[in-house]
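> what's the 3D shape of this:
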Amino acid sequence: MKTVLITGCSSGFGLETARIFLDRGWSVIATMRTPREDVLPASDHLRILPLDVTNQSSIERVVDAAGPIDVLVNNAGIGWLNALEGTPMDVIRETFETNTFGTMAMTQAILPHLREQGSGTIVNVTSSVTLKPLHLLSAYTASKAAVNAFTEVLALELEPFNVHVRIVLPGRAPDTSFGQNARARLQSGIPDAYAELAQRVFTSWQQDAGAVTHARDVAEAVWRAATDPTCPMRLPAGADAVALMTNR
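Below you'll find the model as predicted:
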């Protein structure tokens, strides 16, 4: 039985990914800041562990407790939307600490195990906003684009050790708690000079009846990235993300 360790499993993409791997016979280590036993069905093949990807001691405890794994899914992340002028530097640092440095730290901690066993896959969940510039997302996009670049170089480093690295790029997901809970936070403190632009952006979101991404789309993409050796390094997840990748 193979084992996957997934970060950010309390809701959304991470939770659905954990469900899929459990349903398909894998041993799952589901991590979250505050563990909740009620979000996943009880199983002998499931462990729920506390993890803060911005805390090195927390990362080391999880890696030690996990033991040998076959796949690491770096899914934990936070969002932010504002003009750069309205974004405090501590918010930018917080965004990078979770989205970028958290991914790098988790990867660095697990790499010796994957390298020594001579196999494994790392799947980094980023965002389709890295495929097309969008208003008010400079800090968030930068944190995810950095992971894309990191992943591409890491893949070259790990190729001699038979360790694969993939990127999953989800599209817009309004039906996840990430999207729902983020809106109030994302819209706070927009400078007056950008208020008209921000209102146009928010209105276009509300009126947009086009394709979106669902948690299941992302989970299926992660599954393919983890199990299909022929899949491309960059894998869009969701109809809107697929369209962006195609048009790009």
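> Now do residue 206: how many residues are near it, please.
Residue 206 has 9 neighbours, counted by other Cβ atoms under 10 Å. Every C-beta, even on glycine, is put in place using the N, C-alpha and C of the backbone.
> Same check on residue 172?
By other Cβ under 10 Å, neighbour count at residue 172 equals 21.
> What of residue 227?
16.
> For it, give its distance to residue 119.
13 Å (Cβ to Cβ, to the nearest Å).
> likewise residue 101?
On the measure of Cβ to Cβ, residue 101 and residue 119 end up 26 Å apart.
> Show me which of these two is the more surrounded one.
A side-by-side neighbour count of residue 101 and residue 119, using other Cβ under 10 Å, places residue 101 first with 16 against 11.
> which one's the longest strand in the chain?
strand 163-170 (DSSP state E).
> Distance check, residue 36 against residue 171.
Separation of residue 36 from residue 171 (Cβ to Cβ): 26 Å.
> which helices and strands does whatever helix or strand residue 14 lives in pack with?
In the assignment (DSSP states H and E), residue 14 maps to helix 12-23. Helices and strands touching helix 12-23, by 3 or more Cβ pairs under 8 Å, 6 or more residues apart in numbering; DSSP states H and E, are strand 3-6, strand 27-32, helix 177-186, helix 215-227.
> Which one of these has the poorest average confidence?
Across the helices and strands packed on helix 12-23, helix 177-186 has the smallest mean pLDDT, namely a mean of 53.
> quick one on the thing from earlier: strands paired with the longest strand of the chain, and their directions?
Its sheet considered, strand 163-170 pairs with strand 120-125 (parallel), strand 234-237 (parallel) by DSSP bridges.
> Kindly compare burial across those strands and name the winner.
Sort these by mean neighbour count, taking mean count of other Cβ atoms under 10 Å, and strand 120-125 sits at the top with a mean of 25.
> any idea which helix or strand comes after it?
Using DSSP H and E, the first helix or strand after strand 120-125 is helix 138-158.
> just checking, what packs against that following helix?
Against helix 138-158 (3+ Cβ pairs under 8 Å, 6+ apart) you get helix 89-96, helix 102-117, strand 120-125, strand 163-170.
> what angle sits between that helix and helix 102-117?
10 degrees (axes from the mean of the first three to the mean of the last three Cα atoms, to 10 degrees).
> tally of neighbours for residue 10?
For residue 10, using other Cβ under 10 Å, the count is 17.
> Likewise for residue 220?
18.
> Run through the residues that contact it.
Each residue near residue 220 by Cβ atoms under 8 Å, 6 or more residues apart in numbering is listed here: 20, 237.
> State the distance from it to residue 24.
11 Å.
> next one: residue 48
18 Å.
> Secondary structure element holding the nearest residue to residue 214 once chain neighbours are set aside?
Among residues not flanking residue 214 along the chain, residue 175 sits closest, at 6.3 Å (Cβ to Cβ, 6 or more residues apart in numbering). Under DSSP H and E, no helix or strand contains residue 175.
> confidence score at residue 175?
Residue-level pLDDT assigned to residue 175 equals 71.
> Residue 47 too?
With respect to pLDDT, residue 47 scores 98.
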